[in-house]
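Enquirer: Next input, structure requested:
(2 chains)
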Amino acid sequence: MPTDFPSNCPAPLTDHTQVLMAHGGGGRLMQQLIERMFLRAFANPLLETRHDGAVIPIQSRRLAFTTDSYVVRPLFFPGGDIGTLAVNGTVNDLAMCGARPRWLSAGFILEEGLPIETLWRVVQSMRSAADAAAVQVVTGDTKVVDKGKADGLFINTAGIGLIEHDLTLGPSQVKPGDAVLVNGDLGRHGVAVISVREGLQFETTITSDCAPLAGLVSALLEGGIEVHCLRDLTRGGLAAALNEIASTAQVQVDIEERAVPVREEVRGACELLGLDPLYVANEGRLVAFVAAKDAERAVAIMRGHPQGGGACAVGKVLLDSPGRVTMKSAIGARRILDLLSGEQLPRIC
Amino acid sequence: MRFVDEYRDAHLAEEFGRAIAGVTTRPWTIMEVCGGQTHAIVKFGIDELLPKSLTLVHGPGCPVCVTPLELIDKAIAIASRPEVIFCSFGDMLRVPGSTTDLLSVKAQGGDVRIVYSPLDAVRLARAHPERQVVFFAVGFETTAPANAMAVCQAAQHRLANFSLLVSHVLVPPAMEAILGAPENRVRGFLAAGHVCAVMGCSEYEPLAAKYRVPIVVTGFEPLDILQGIYMCVIQLEEGRAEVENQYVRAVRREGNSAAQRLIREVFQVIPRKWRGVGEIPQSGFGLSAAYERFDAERRFDVAGRSVQEPAECISGLVLQGVRKPSDCPAFGTRCTPEHPLGATMVSSEGACAAYHRYRRAPA
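Expert: Modelled structure (predicted):
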């Protein structure tokens, strides 16, 4: 047991005396909270890999373990609902560890007054998503809180997956020259949710990309691709994922704005709202760092998979300015692609 | 995407860069007025395509930046009241006042909401007659018509629970303040396209004539800005000082007369304090006498606050084009987007924040 963490030590120094929404926004404030509070308090080597899940060696096998909580508003949106998110999100975190997801837990925090019909729809979605991802929900918990103390329904899922190969995946494996790939167009989930939440009408309905990615990852690994690191592009989008990896791996990640796939309707909505699609959340998208020699084959394998139809290369790993993400702009100049301080907020004009 | 991709063509951008270099024979300093243009210049790296002898300086056209600290303190005081639903566009929420910001007020239980239109705030007022709904009316001439419309609707519905906290500022008086300053080095302007879409171009003609500066009404996409610079340099080289319109797809000389009528109905021109710059005569809108019952400053009695800005901050000089963000010793060290010392670091459209986000030197 570590002795250098007395229970009476003062709260770690953060820039704010209370929790702000931005502490969960995937930007710099969240990073600060994790580094200054959670990593300090719980310090251990598994946690310090700072991956989407922990990879735990047990005798000759390795298993992956992760958890995530789901608090989306509205509960239902085009392309999914909180139930599909709760299964796919955790499945995807396991997949990013290179594991085959097997078992999930489901914890429900229900607000008094929630229609049973709503809960049933969510549970049915979870069942279909679990079937599609070939995982089972094997344990669970239910709590009910007073009206007004939760936004209808919160779900926590934890998951266990088995690692059935000898590769180590993670930022530490990223090497200069690696190709940076994504499996499809970005920004749809975040824009789908904000459109419904804020009642914004666009010409076409934008549907979330919510999907399980374990099959796609298996296809890459079984295809013999030298995969170095995988990350799903949830909160904070591609920009946040690349920044985390660049900073942990101490490499420079350089991407091309023109190469990043974003659908017309998502770009339109983002232009209108003053959002940058590179920072918008996805729920069925990943970034893969693979050895340059395998890049073309990896793209081809992904394109042959239902979750990778729009796969493409967006950039590469350099060593010039470690910790930085840079981007060649649409008109050819190069700039920094930074972490945001907090949440993206719509602009005045 | 139509109307966007055409204006971000890398090949045409390079050609424009070469054309500008071809007509530039002397050093010139040009100011883009609007923060949206500053953001685009830094984000796309437009200035990297220009000849070294051209200097772009960044103007005062960021409404978030120039909103005085005491007004943000007033917003915070009003938003903290239990009966109030405080509505604002998103980017005002994290601007620090002298002690806290609106996001922190929300974290402490204040009812602070992001809306996409002031008319949403009117709808909220109708839906919650027992609450006081306040909209933070920040912006240049561009956002004034919608805010005026909100007040008109509130008057029509006889809403006693709707008010505006007004911080409206006007572009031409700010340009005149810059041109009249002894340290001014701006020789030509790219005027703010969207402001002119509302107000038209003619109010810039006396400025161009009096101070002998070319003023080119310019859009916001990379090719718009490059064409605006090209037109401005040609005028400078030829010794002309006229108002020209690059942004013809959005701006007519007379502007939007229906919007102007609405503004005249609801607002009157008053002196305003600009953060970082100070008071400029006749440089903003306040509610006219007929609508002053919708003035949140009167309703909540928050008048008469005054706050000092950090002495180290040079944002006033940055806003007037006298200094560049990178000239400041505090830039990126004691002054960051998380801990801004002043106006131009607080909003993503402020010149200092744009420099910080897109082009800090490699770590």
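Enquirer: Chain B - how does it break down into domains?
Expert: Chain B breaks down into these domains under automatic domain parsing: B:1-310, B:315-359.
Enquirer: so can I have CSV of these showing mean pLDDT?
Expert: Listed next are the domains of chain B as CSV, based on pLDDT from 0 to 100:
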stretch, mean pLDDT
domain B:1-310, 94
domain B:315-359, 87
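Enquirer: mind checking which of the ones you listed is nearest chain A?
Expert: Closest approach to chain A among the domains of chain B (C-beta to the nearest C-beta): domain B:1-310, 2.2 Å. All C-beta atoms are positioned from the backbone trio N, CA, C, and that covers glycine.
Enquirer: Which one of the residues in chain A is closest to chain B?
Expert: A:Ala333 (2.2 Å).
Enquirer: can you pull the contacts of that residue?
Expert: Listed by C-beta atoms under 8 Å, 6 or more residues apart in numbering or on different chains, the contact partners of A:Ala333 are B:44-46, B:48-49.
Enquirer: Those: which ones sit near chain A?
Expert: B:44-46, B:48-49 (C-beta under 8 Å from any C-beta of the partner chain).
Enquirer: Can you say which of the domains of chain B is packed in most?
Expert: domain B:315-359 (a mean of 22; mean count of other C-beta atoms under 10 Å in any protein chain shown).
Enquirer: on that earlier part again, let me have the domains of chain B in JSON lines, adding distance to A:Arg197 as columns.
Expert: Formatted as JSON lines, the domains of chain B follow (distance: least, C-beta to C-beta, whole Å):
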{"stretch": "domain B:1-310", "distance to A:Arg197": "11"}
{"stretch": "domain B:315-359", "distance to A:Arg197": "22"}
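Enquirer: unless I'm mixing things up, A:Glu271 is touching B:Asp5, no?
Expert: No. With contact taken as C-beta atoms under 8 Å, A:Glu271 and B:Asp5 are classed as non-touching, separated by 11.1 Å.
Enquirer: how near is the residue lying closest to A:Gly24 once chain neighbours are set aside to A:Met21?
Expert: Sequence neighbours aside, A:Met30 is the residue nearest to A:Gly24 in space, at 6.1 Å (criterion: C-beta to C-beta, 6 or more residues apart in numbering or on different chains). The gap separating A:Met30 from A:Met21 is 10 Å, by C-beta to C-beta, to the nearest Å.
Enquirer: So which of the two has more stuff around it?
Expert: A:Met30 (19 against 13; other C-beta atoms under 10 Å in any protein chain shown).
Enquirer: Quickly note the distance from that one to A:Gln344.
Expert: 13 Å.
Enquirer: A:Leu119 too?
Expert: Distance, A:Leu119 to A:Gln344, by C-beta to C-beta: 31 Å.
Enquirer: Neighbour count for the two, which is higher?
Expert: Neighbour totals were compared for A:Leu119 and A:Gln344, and A:Gln344 leads with 23 against 17 (other C-beta under 10 Å).
Enquirer: Isn't the more buried one up against A:Val280?
Expert: Yes. Counting by C-beta under 8 Å, A:Gln344 touches A:Val280, with 7.5 Å between them.
Enquirer: For B:Leu71, which non-adjacent residue is spatially closest?
Expert: Residue nearest to B:Leu71 in three dimensions, not counting chain neighbours: B:Ser167, with 5.1 Å by C-beta to C-beta, 6+ apart.
Enquirer: Likewise for B:Gly61?
Expert: Nearest non-adjacent residue to B:Gly61 (C-beta to C-beta, 6+ apart): B:Cys34, at 3.8 Å.
Enquirer: Let me see the contact set for the one you found.
Expert: B:59, B:61-62, B:190, B:192-195, B:220.
Enquirer: Pick out the residue closest to the middle of chain A.
Expert: Centroid-nearest residue in chain A: A:Thr234, 3.1 Å away (criterion: C-alpha atoms, centre = their mean).
Enquirer: Please name the nearest non-neighbouring residue to it.
Expert: With sequence-adjacent residues excluded and distances taken as C-beta to C-beta, 6+ apart, A:Thr234 is closest to A:Ala281, at 5.4 Å.
Enquirer: if we can go back for a sec, so what's the backbone phi/psi at the residue nearest to B:Gly61?
Expert: phi -100, psi 140 (degrees, to the nearest 10).
Enquirer: returning to what we had before: turn the contacts of B:Cys34 into a markdown table, columns for secondary structure and distance to B:Val84.
Expert: Converted to a markdown table, these look like this (DSSP: H, G, I helix; E, B strand; the rest coil; distance: C-beta to C-beta, whole Å):
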| residue | secondary structure | distance to B:Val84 |
| --- | --- | --- |
| B:Gly59 | strand | 34 |
| B:Gly61 | strand | 30 |
| B:Cys62 | coil | 26 |
| B:Leu190 | strand | 39 |
| B:Ala192 | strand | 32 |
| B:Gly193 | helix | 35 |
| B:His194 | helix | 30 |
| B:Val195 | helix | 30 |
| B:Phe220 | coil | 34 |
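Enquirer: Just give me the longest helix of chain B.
Expert: Counting residues, the longest helix in chain B under DSSP state H turns out to be helix B:222-238.
Enquirer: what's that helix packed up against?
Expert: Here helix B:222-238 touches helix B:10-23, strand B:28-34, helix B:35-44, strand B:54-61, strand B:188-192, strand B:215-218, going by 3 or more C-beta pairs under 8 Å, 6 or more residues apart in numbering or on different chains; DSSP states H and E.
Enquirer: mind checking which of those is nearest B:Cys352?
Expert: strand B:54-61 (9.1 Å; C-beta to C-beta).
Enquirer: Who does the closest residue to B:Thr38 other than its chain neighbours form a beta bridge with?
Expert: Leaving out its chain neighbours, the residue that sits closest to B:Thr38 by C-beta to C-beta, 6+ apart is B:His58, at 4.4 Å. Counting by DSSP bridges, B:His58 forms beta bridges with B:Glu32.
Enquirer: Do I have it right that B:His58 meets B:Glu32?
Expert: Yes. B:His58 is within contact range of B:Glu32, at 6.5 Å (criterion: C-beta under 8 Å).
Enquirer: Can you pull the residues that touch both of those two?
Expert: In contact with both B:His58 and B:Glu32: B:38, B:41, using C-beta under 8 Å, 6+ apart.
Enquirer: Show me which residues of the stretch 101-250 of chain A sit near chain B.
Expert: A:198, A:200.
Enquirer: where do the strands sit along the stretch 101-250 of chain A?
Expert: For the stretch 101-250 of chain A, the strands defined by DSSP state E, counting those that start in this stretch occupy A:136-145, A:153-163, A:179-182, A:227-232.
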